[in-house]
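Generate a structure from the sequence data that follows.
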Amino acid sequence: MTSDSDFAIQCPLPLRDYPVIVMAHGGGGRLMHQLLEHVFWPAFQNPLLAQQHDGAVAWLSGRIAFTTDSYVVRPLFFPGGDIGTLAVNGTVNDLAMCGARPQYLSAGFILEEGLPMWTLWRVVQSMKSAAAAAQVQIVTGDIKVVDKGTGDGLFINTSGLGCVETELSISPSRVRPGDTVLLSGDVGRHGIAIMAVREGLSFDSPIQSDCAPLVAPVRKLLDAGVEIHCLRDLTRGGLATALAEIAATSGWRISLDEAAVPVEEGVKGACEMLGFDPMYVANEGRFIAIVAPKDATRALELLRSEPKCAQATRAGQVLDEKDGIVTLKTAFGSTRILDMLSGEQLPRIC
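Here you go, the predicted model:
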């Protein structure tokens, strides 16, 4: 854990004069330049960013994937991550779900006047570490400062570019009857980790967010030639909403087996106490791969060989029924329909 003294040593901003963000940090002048020079550029340094141009000019070949997302999590820091790791991993994972190898990110920061400089520095350092782990470069960005009371501390937008190196067309429209639904691990930890901090809840075993990059397990499937029909990371709305979206787009029924969906005991207990359904609780390091039946066993073994996916399971199947719904076989043997989440169980989680 980094301390205030570490910040004072490592971040050479004139803290005596500017220990918090002021409006002038977004004004385009000397203070903004100091912020860039001492906080952002050292963290994200690379040849493209060093050009200090209005944008980054980079080489990409073949098909590309492009995505963007904004992050407004509250609180900014939580067990297993923070808004910075979310901003990098969330965008990297969206690219991975397209079958792309992520390469470049942009990062736009909306800072609220009065945000402690120490908080911003911690977030930027988290983004630096997450980008290194995902093997991507942050090559361009933007800073805006808003009046105190209008920004909730810090918002981040990240956009990402990646090269699609596979000839597969990976999308919900490619889903077919007989396909197997593979789940990369346990569900619900991110949402419950956020809620625990937000509401001051404590558990016998602390619940850590699953926030992580998903490039490595996806690349392992692609490099092995697995016939992947669809990939989807499980963020807001959780496993149930992701499958409901895919079923609605493809038109085929998807059957999910509750007994095959891992849920940590602490998450189960928290969901029971709070009245949440873990099938709908958000994740930030989990995904589903819908693959051709001939490759299902091999794909599952490949996923389990990745440390982040050691709990991967065969969680469901695509049925030859053209009604576009998701059914759940419960632990009691009954069947119920899983619809898309109406509203949000846990707002402001990513």
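
Now the biggest strand by length in the chain: average pLDDT?
Ordering each strand of the chain by length in residues (DSSP state E) puts strand 100-112 first. For strand 100-112, mean pLDDT rounds to 97.

where exactly do the strands run in the stretch 51-200 of the chain?
63-71, 77-78, 81-82, 100-112, 137-146, 154-164, 180-183 (DSSP state E, counting those that start in this stretch).

what packs against the second one?
On a contact count with 3 or more Cβ pairs under 8 Å, 6 or more residues apart in numbering; DSSP states H and E, strand 77-78 meets helix 189-199. (Each C-beta comes from the backbone N, C-alpha and C, glycine too.)

how about the helix it packs on: buried residues?
The neighbour-count check on helix 189-199 (16 or more other Cβ atoms under 10 Å) flags 189-198 as buried.

of all these, which comes closest to Phe287?
Checking those against Phe287 by Cβ to Cβ gives His190 as the nearest, at 12.8 Å.

Residues in a beta bridge with Thr158, which ones?
Beta bridges link Thr158 to Asp69, Ala107 when assigned by DSSP bridges.

Hmm, Asp94 and it touching each other?
No - at 9.6 Å, Thr158 does not count as touching Asp94 under the criterion of Cβ atoms under 8 Å.

shared neighbours of these two, which are they?
Asp69 (Cβ atoms under 8 Å, 6 or more residues apart in numbering).

So these two - more neighbours on which side?
Thr158 (27 against 24; other Cβ atoms under 10 Å).

show me what contacts that one?
68-69, 71, 87-88, 90-91, 105-108.

Mind checking which of those are buried?
Using 16+ other Cβ under 10 Å as the burial test, the contacts of Thr158 include 69, 71, 87-88, 90-91, 105-108 as buried.

Would you mind giving both backbone torsions of Met273?
Main-chain dihedrals, Met273, degrees, to the nearest 10: phi -70, psi -40.

number of nearby residues for it?
Met273: 10 neighbours (other Cβ under 10 Å).

Confirm for me that Ile194 is in contact with Leu76.
No - using Cβ under 8 Å, Ile194 makes no contact with Leu76, being 10.8 Å away.

Please identify the helix or strand for Arg348.
Following DSSP states H and E, there is no helix or strand that holds Arg348.
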